[in-house]
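In: need coordinates for the below:
(2 chains)
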Amino acid sequence: MKIKAFFATCHATIKKFFVNLWPNIKNLKTKRGFNSILASLFSIIIGILVGLILMLIIKPKDAFYGLSMMMSGGLSSVSNIFQVLYTTAPLMMTGLAVGFAFKTGLFNIGAAGQYTVGAFCAIFGAIILKMPWYVDILLAALGGAVWGAIPGIFKALRNVNEVITSIMFNWIGLFLVDLIIANTPKMLSTFYGGADQSRTVDPVAVNLSSKLPSLGMERLSPYMNVGIFIAIFLAIVMYIVLSKTTFGYELKACGYNKESSKYAGINAKRNIILSMSISGALAGIGGALTYLAGTSTMQVTKSISPIGFNGIPVALLGTSNPIGIIFSALFIAYIQIGGNAMQPEFATEVIDIVISVIIYLSAFSLVFKQLIDRYLLDRKHKKDARDLLNGPTANGTPPEPVEAEIVKEGAPK
Amino acid sequence: MPDYVIEMLNITKEFPGVIANDDITLKLKKNEIHALLGENGAGKSTLMSVLFGLYQPEKGTIKKNGEIVHIKNPNDANALGIGMVHQHFMLVDVFTVLENIILGVEPNKLGFLKKNEAREKVVALSKKYGLMVDPDAYVKDITVGMQQRVEILKMLYRENEILIFDEPTAVLTPQEIDELMNIMRNLAKEGKSILFITHKLNEIMAVADRVTVLRKGKYVATINVKDATKEKLSKMMVGRSVNFNIEKEPSNPKEVVLEARNLVIKSATSHKMAVNNVSFDVHRGEIVCIAGIDGNGQTELVYGVTGLEDIHSGSLILDGHDITHCTIRDRSKLGMSHIAEDRHKHGLILDYSLEENLVLQRYWQPEFQKNGFIKKGAVRAYAERLIKKFDIRSGQGSIAAVRSMSGGNQQKAIVAREIDKKHELLVAVQPTRGLDIGAIEYIHKQLIIERDKGYGVLLISLELDEVMDLPDRILVIYEGKIVGELDPKKTTFQELGLYMSGAKRDPKYDVQFTEGGAK
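Out: Below you'll find the predicted structure:
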């Protein structure tokens, strides 16, 4: 009973919180929207609880300390706050990429490849073409768009499942980029007198104009730049495209019901290709935002960037809503930075596992949404049943035949 | 011996948001044919599903021969001797009739089938009840009527005493319906008790002993059929008097609006030509009906005409424009409106709101968008106007989720959208499928208004009453070909049935149509 009461209080508190925060949330969003937020919060809480259990098993002594570090790490210092924002930007972009495709009924699991190709295009623009940051971002968008469009074209024209092709294109993209970088000495740091022997690429060191402007915020933290604002801006743009334009109307129609959109004369093939291109462009911009910040260098690796894949839970946690994705990207970046603060009590591998568990369960928000919907319905249902039981009809005898009444009502001609 | 073989007492079954059965009592006597009458959504199927163990009721008891029984699943129902013929047959196409009948209760010895024993039993049963089928024919090769007999034999083979028929006549020709009625009478005579779900009054009058009427989930009455009239039953079913006759003036056909010549359309599922060399005209100011048993190429013909599938060969001219290879959007712009057969698959986007669905064919027009941005105000105003004009009812008006609306109102929304859009030809495919009498009346009236306004109407229907009452001309399609043209005022159900089953064909349709040729 205590637990139930606790949940009831939680429920009430959360509800109050939101109602107070945005007094008109109920008018602004439908009840469905509210349930989505509630579901996302629930899945986060469950994810954190499971993460805690895991820590209790692995290292009981430090579990609660670890949890508190994880939960507070992101806010523990000014530098960490900015690091959260820096990590958020590309994550938000890949989240938007996946979410946007979801809305059209496509599962773009290739955000990672589009991210990588976008990143390459950005640094290619910066180092070889000596272009400023905004041109590099456009190049990244173009690269990502091409990489997204190809699975889209296969899907539209030949009905090849986009999941398969985009997974393949993750690897093709990764190794293609590796191949080009490794064989273009002018792109490697060592060419410019870099000290390290590993094959890294640092566009900002070569071309300062390619660094994302920090608008004077670098005094606060070297991690701070306009990236996060670009990402939020694009999220708002995507929100407007999806909810206010005919293009968004068509895309969502295709996503909800392909057959009806065909019936309505919507060119589904064109929309699939466009949707995948836009999705790819968003992921590509994410790549640019990572490597043009001046705080990390690109390396020739054999593994796909996790930022691309983390876009999937970001999108799911944000229920594919661009505005929701802003917050879910912030959350996932936050626990990642918080996880770093768990060292040295926990090994980085353990931290990765805990974070993965939390992200994994966070992605269950849709499941929780269904559970909440069912719970609410059930409650209403039970209430109706109670009303019925207490009502005058529950008297255990068969109802009076109403034939008499019908005859009385008026004779048929 | 108790009077009743099955008693369902005070059954209440709820689904979230709706009480499907509200305190319903149904008593089935031995050896009787008991009809269960009600409109769509009245709760007939739910009640039978409760009896068959598919649903558990919240309240109420079921008695068999006076003893309370608990039916938790269809196996329990079978064990109690309750069998059901579903509206959509549950047969394995690539099995023979015999294999289908014994499926699940195969007689065997150490795991080896004892087919001969089964065959003897099946042959004996089919003789006893007059259910003629070839036990070795493959189900995919036999007619729908025969498939139904297989379903009935399945129940008899399992020695079921109580037989439930769920809308059994929906897929049959008039001749097959007559035959089914005879079979049902035979079964009752041989000691079976039959529950017969339907919303067709003629069939009840013809075959049933007693009838229980449900309306909106509530019990209305149980009466003897010999004391009933069609008018009385329909009034009990709908709650008001119903006009059975469609009132319409004689048609006044003008120039041709749709001209189809030698259409050939491939089947999506097999390599056959689903529509094979079909030619016809639709004039302004007339309703032309393509009639036929389901699966004879109507669906493909509509897909070809409306652009959902490609036309393999032939030509299609709409209002003077060749639209044979036009896109759906272009056909729509040239004046084609389409009430689709399946409103959930094609007609609506269920996750969109009502207003978003009402502009589904028009959102791209300047009236509703500017520079690619949807004018929400204009959409809302337009939706409000249609909702008012066509009396579309929903929980929250124009922002209601279409998914939450009733079938009748969903269909009204589609009709409103397609009729209000600028058009020359209306293709209406089974426009009243699954609707209650009130909605059917309404939609028929709208189609006649369309006709009288001088638009062409191409109707495709499987409902025989609709085929006979609504159109000005009937074209019968059989195996992808037009086999006859009938005048609904002169023809009879029997004649129509002969054409539909391929037993009769007009010799003039055996010669090939040529461009602008014979008519």
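In: of all of the stretch 251-400 of chain B, which residue lies closest to chain A?
Out: Closest approach between the stretch 251-400 of chain B and chain A, counting by C-beta to the nearest C-beta: B:R329, at 3.2 Å. For the C-beta atoms, the positions are set from N, CA and C on the backbone; glycine is no exception.
In: secondary structure element for that residue, which one?
Out: Per DSSP states H and E: B:R329 is located in helix B:328-333.
In: state the mean pLDDT of that helix.
Out: In this model, helix B:328-333 has a mean pLDDT of 93.
In: buried residues, it. List them.
Out: B:I328, B:R331, B:S332, B:K333 (16 or more other C-beta atoms under 10 Å in any protein chain shown).
In: quick one on the thing from earlier: got the contact list for the residue of the stretch 251-400 of chain B closest to chain A?
Out: A:G265, A:I266, A:N267 (C-beta atoms under 8 Å, 6 or more residues apart in numbering or on different chains).
In: the second one should be in a helix, yeah?
Out: What it means is A:I266. No - counting by DSSP: H, G, I helix; E, B strand; the rest coil, A:I266 is not part of a helix but coil.
In: enumerate the residues of the stretch 101-250 of chain A near chain B.
Out: A:K244, A:T245, A:T246, A:F247, A:Y249 (C-beta under 8 Å from any C-beta of the partner chain).
In: of those residues - the most surrounded one?
Out: When these are compared by neighbour count (other C-beta atoms under 10 Å in any protein chain shown), A:Y249 ends up highest, at 27 neighbours.
In: just to revisit the earlier point, now the helix holding B:R329, how far from the centre of its chain.
Out: Chain-centre distance of helix B:328-333: 28 Å, with C-alpha atoms, centre = their mean, to the nearest Å.
In: next structured bit after it?
Out: Later in the chain than helix B:328-333, the nearest helix or strand by DSSP H and E is strand B:336-339.
In: quick one: is whatever helix or strand comes next after that following strand near chain A?
Out: From strand B:336-339 onward toward the C-terminus, using DSSP H and E, the following helix or strand is helix B:354-358. Yes - applying C-beta under 8 Å from any C-beta, one finds helix B:354-358 in contact with chain A at B:E356.
In: now the buried residues of helix B:328-333 in CSV, with distance to B:I311?
Out: CSV is the format used below for those (distance: C-beta to C-beta, whole Å):
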residue, distance to B:I311
B:I328, 13
B:R331, 12
B:S332, 17
B:K333, 18
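In: of all the residues you listed, which two lie farthest apart?
Out: Distance extremes for the buried residues of helix B:328-333: the farthest pair is B:I328 and B:K333 at 9.8 Å, using C-beta to C-beta.
In: joint contacts of the two?
Out: When contacts are counted by C-beta under 8 Å, 6+ apart, B:I328 and B:K333 have no shared neighbour.
In: quick check: B:G347 vs B:E151, distance?
Out: B:G347 is 30 Å from B:E151, where distance means C-beta to C-beta, to the nearest Å.
In: who's more crowded, those two?
Out: Neighbours were tallied for B:G347 and for B:E151 using other C-beta under 10 Å; the higher tally belongs to B:G347 (28 against 21).
In: test my guess that the more buried one contacts A:K262.
Out: No - judged on C-beta atoms under 8 Å, B:G347 makes no contact with A:K262 at a distance of 11.9 Å.
In: per-residue pLDDT, residue 200?
Out: Here I'm looking at chain A. On pLDDT, A:T200 comes in at 80.
In: not what I meant, chain B
Out: We note a pLDDT of 81 for B:K200 in this prediction.
In: roughly how far does it sit from chain A?
Out: 18 Å (C-beta to the nearest C-beta, to the nearest Å).
In: so what's that residue closest to, chain neighbours aside?
Out: Using C-beta to C-beta, 6 or more residues apart in numbering or on different chains and skipping the chain neighbours, the partner closest in space to B:K200 is B:T169 (6.6 Å).
In: quick one: which helix or strand includes the one you found?
Out: Counting by DSSP H and E, no helix or strand carries B:T169.
In: ramachandran angles for it?
Out: Backbone torsions for B:T169, taken as degrees, to the nearest 10, come to phi -90, psi 0.
In: and for B:E249?
Out: The phi/psi pair for B:E249 (degrees, to the nearest 10) is phi -80, psi 160.
In: count of neighbours near the closest residue to it other than its chain neighbours?
Out: Excluding its sequence neighbours, the residue lying closest to B:E249 (C-beta to C-beta, 6+ apart) is B:D452, at 7.0 Å. The number of residues packed around B:D452, counting by other C-beta under 10 Å, is 13.
In: nearest residue to the one residue in the stretch 51-200 of chain B that gets nearest to chain A other than its sequence neighbours?
Out: In the stretch 51-200 of chain B, no residue comes nearer to chain A than B:E58, which is 6.6 Å away by C-beta to the nearest C-beta. What sits nearest to B:E58 in space, not counting adjacent residues and going by C-beta to C-beta, 6+ apart, is B:T12, at 5.0 Å.
In: tell me the contacts of that neighbour?
Out: B:T12 makes contact with A:L388, B:I19, B:N21, B:D22, B:D23, B:I24, B:P57, B:E58, B:K59, B:G60, according to C-beta under 8 Å, 6+ apart.
In: taking the residues you listed, please make a PyMOL selection of just the buried ones.
Out: Of these, the buried ones can be selected in PyMOL as follows, counting by 16+ other C-beta under 10 Å:
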select buried, (chain A and resi 388) or (chain B and resi 19+21+22+23+24+57+59+60)
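In: make JSON lines from the contacts of B:T12 and add secondary structure to it.
Out: Shown next, in JSON lines, are those (three-state DSSP):
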{"residue": "A:L388", "secondary structure": "helix"}
{"residue": "B:I19", "secondary structure": "strand"}
{"residue": "B:N21", "secondary structure": "strand"}
{"residue": "B:D22", "secondary structure": "strand"}
{"residue": "B:D23", "secondary structure": "strand"}
{"residue": "B:I24", "secondary structure": "strand"}
{"residue": "B:P57", "secondary structure": "coil"}
{"residue": "B:E58", "secondary structure": "coil"}
{"residue": "B:K59", "secondary structure": "strand"}
{"residue": "B:G60", "secondary structure": "strand"}
